[in-house]
Each structure stands twice: as C-alpha cells, then as structure tokens.
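Enquirer: whatever this is, show me its structure:
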Amino acid sequence: MNAEIHAQRPVIQVDSLQVSYSKHIVLNEISFDVYRGEILTLLGRSGSGKTTLLKTIAGLIKPVNGKIILDNEYNSQDIGMVFQSYSLFPHLTVEENIAYGLKARKKTRQCIKEKVIEYSGFLHVDSELKKYPWQLSGGQQQRVAMARAMVLDPVVLLMDEPFSNIDDRNRASCREMIREIRDKKNSAIVIATHIIEDALSLSDRILILEDGEIKQIDKVKTMVSAPRAQTAEALGLFDLISDDLKQAMGVDKKIRCYYKYSDVRPIDNYSDPHGSLLKETIAKHYSYSGNLYLVAEILGLQYMGHYLIIDYKTHLGELRGIAPEHLINELNIGHEVLLQLRSSDIVYES
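Expert: Residues are numbered from 1 along each chain as shown. The predicted model follows:
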C-alpha cells in the first residue's frame, strides 16, 4: 500500500462500535479507519463478527453504541456491498441484475447501457448478459454481483467471503480482479474472510477479529515480521515449535511459542563461512553465536506476494516460517536447505 494513502483523510471512521443480539455482545469497542486506495481484510474464524461488522458499516445493522463516520464528501449511497450468497435476482438476466441499482436510482437509459457495457466487460461477463444466474458458474455469479455493485461507482466496496464459492484454480484470478477494481476507481475495499492465504496475499492491511474484538490491525509486512503473540496462531503462519527444537534453542519445553522467521539457504548455493559448519550441520545440528543451524527438507511452499511461507521437516521436528520472496526461484518442495534459527525471532504466547 502506498504510504501516501494514510496521509489522506479516512473515508470511513469506525469509532467505539458495539453491536449486540439479545444481550449477547457480537462486536465490542471496535475502532479503526478505512482509506481510499487500500484493501483492508477482516480476518477471523466463523462467528468472530466479520459479517456483522460489514453489515453495520453498510448501514444494515444498527449499533448499540459507537458510530460510523463517513467522510462528508460522500453519503451512504457511496458504499457498495457484495454478499457471500451474491443475492442475485433469479428471475432477472445478468444484464438486468447489473442494471438493477441504476434503474432504482432512475438513471437514464443511455447511462445504464454504458455502465452495464463498461463493467460487464471489465469483469468478463459481457458474453453472459442474456443468461440467468442459475446458468452461471459460482465464479461468474460472483463477477456479476461485483459488477452490480461497481456500476454504482462506490467509494467503499464491502465484500463478504468473496472466495468461499471459488475453487482453488480461480482464486488467484479473483484476487487480481479485486486489485484491479481497487486500482480502477481508487476505491477502499473491505473484505471479510476466514481464509488466511487470501488475506495475506491480497491485503494492504489485515484486521484480526476474534470474539468481536480487534486483536491486531496492521500492514501485512509489519504483521508478519512483528506479530503480536495472540495473533500468531490466528494468522496460521507459525506452528508450535517441537520440544526438541525448543531444547536445541534453549527454550523451556513448557512454554508455548512460535517461530516467525527463518534464514533459509539452498545447500547447493551455500558457501560455508565457518569452516566445517555445513558438514557438522548435515550430521546433526550446530550452534554458533547464539544461532541454531540445521538441515531441513521443504514440505510445503506458498508464495504470498511479498514473502514465502515454508513448511520444513527437520530431525528435531517440523517447523513453519517465512522467507524473502527473492528465493522463490531457488526453492522447491523436496529440496534440502540450511536453516538458521535465531532465538530473537521466537514469539512467546502471552
């Protein structure tokens, strides 16, 4: 996200928001800002309050306390929402679904025609305009729902679980489509999802929501490199360290902790600065200047835009860590690598 974004006024301010159902508090003292040109993801498990928060921002739910402040240049019609179920009208064609909001706002026929052509083409459903929703795939229905929201030129676009009905093959194109929507109109996009990989690869900032409370909100890079202990497990980046790894790193076995970063180097490209370091490491593991070196096999590798998430198998147990994105062309599943683990990169559970 461009640093200039936070120099502007927020387009939406959520201030001390509280929502409850039948005396059960669903959202508790929620406060954050949303800026034009950013993708903010609300990440949390089912029941954490994500959808309730989106609907409250959209004006569909009235809060018990707190307020939502929209920049005075805009009004509630400048907020669009794409529901998880898409909520397309089954008796209307794709063209009629996309045009529905424009007709409700009494736009001219020419305006409606131009907008439908523009956004159906942009979202690649222009060849489906005469079809009905039941004739479309889940991905096509999603794009129609997005087009219906986008034709109204929203300043803020809210999206509830946009990846839930998309197969793995189409996830990357869906993420790219959301980025293009943001770039096309400099919109603020707020997404609710429980899918960690989508949040990490798509977002400028992530808001961790748990039991109706914010646990952390930050830029993705900051959150990954300096996570708060209570969000490490929610992010799914950091598995518990095995007892053998803890012992080798001088950590009490009883303490729950996570490892946030690993310096990983392909063995084929490794030049040994410490003489017999590599030889001794391959035989077992090696400690040097407070660091632990050991050989690992890559079990899993995910590219997340700015970094890699890697699952390792070592003779001391399995471990998950992150690595710089420039290594993407040097690492593959099944490769043996040399890990350098630093005690300073252990995150302890509070």
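
Enquirer: averaged pLDDT, the strand or helix carrying Ile69. What do you get?
Expert: According to DSSP states H and E, Ile69 maps onto strand 65-70. Averaged over strand 65-70, pLDDT sits at 93.

Enquirer: in its sheet, what does the helix or strand following it sit against?
Expert: Using DSSP H and E, the helix or strand that follows strand 65-70 towards the C-terminus is strand 79-82. Take DSSP bridges as the rule and strand 79-82 pairs in its sheet with strand 156-160 (parallel).

Enquirer: what's the angle between the strand it pairs with and strand 65-70?
Expert: 130 degrees (axes from the mean of the first three to the mean of the last three C-alpha atoms, to 10 degrees).

Enquirer: circling back: which parts of the strand holding Ile69 are buried?
Expert: Gly66, Ile68, Leu70 (16 or more other C-beta atoms under 10 Å). Bear in mind the C-beta positions are built from the backbone N, C-alpha and C, glycine included.

Enquirer: other SSEs contacting it?
Expert: Contact analysis of strand 65-70 by 3 or more C-beta pairs under 8 Å, 6 or more residues apart in numbering; DSSP states H and E lists strand 12-21, strand 24-34 as its packing neighbours.

Enquirer: for Pro90, find the nearest of the ones you listed.
Expert: strand 12-21 (29.2 Å; C-beta to C-beta).

Enquirer: and the angle for the strand holding Ile69 with strand 12-21?
Expert: Strand 65-70 runs at 150 degrees relative to strand 12-21, counting by the same axes, to 10 degrees.

Enquirer: name the residues that touch strand 65-70?
Expert: Strand 65-70 is contacted by residues 11-18, 29-31, 56-57, 76, 78-79 when judged by C-beta atoms under 8 Å, 6 or more residues apart in numbering.

Enquirer: now do Leu319: how many residues are near it, please.
Expert: Neighbour count of Leu319, defined by other C-beta atoms under 10 Å: 24.

Enquirer: center of the chain, which residue is that?
Expert: Centroid check for the chain by C-alpha atoms, centre = their mean gives Ala199 as the closest residue, at 1.0 Å.

Enquirer: would you mind measuring from it to Ile217?
Expert: 12 Å (C-beta to C-beta, to the nearest Å).

Enquirer: what's the answer for Cys257, then?
Expert: Distance, Cys257 to Ile217, using C-beta to C-beta: 23 Å.

Enquirer: equivalent analysis for Ile255, please.
Expert: On the measure of C-beta to C-beta, Ile255 and Ile217 end up 27 Å apart.

Enquirer: in terms of neighbours, single out the busier of those two.
Expert: Neighbour count, other C-beta under 10 Å: between Ile255 and Ile217, Ile217 has more, with 17 against 11.

Enquirer: what is that one paired to in the beta sheet?
Expert: Here Ile217, judged by DSSP bridges, has bridge partners Leu207.

Enquirer: still on that earlier bit, ok, the contacts of strand 65-70 vs Leu316, which is closest?
Expert: Checking the contacts of strand 65-70 against Leu316 by C-beta to C-beta gives Ile30 as the nearest, at 41.3 Å.

Enquirer: which strands and helices sit next to the lengthiest strand in the chain?
Expert: Longest strand of the chain, by residue count under DSSP state E: strand 291-303. If contacts are counted by 3+ C-beta pairs under 8 Å, 6+ apart, strand 291-303 sits against helix 277-283, strand 285-288, strand 307-314, strand 336-342.
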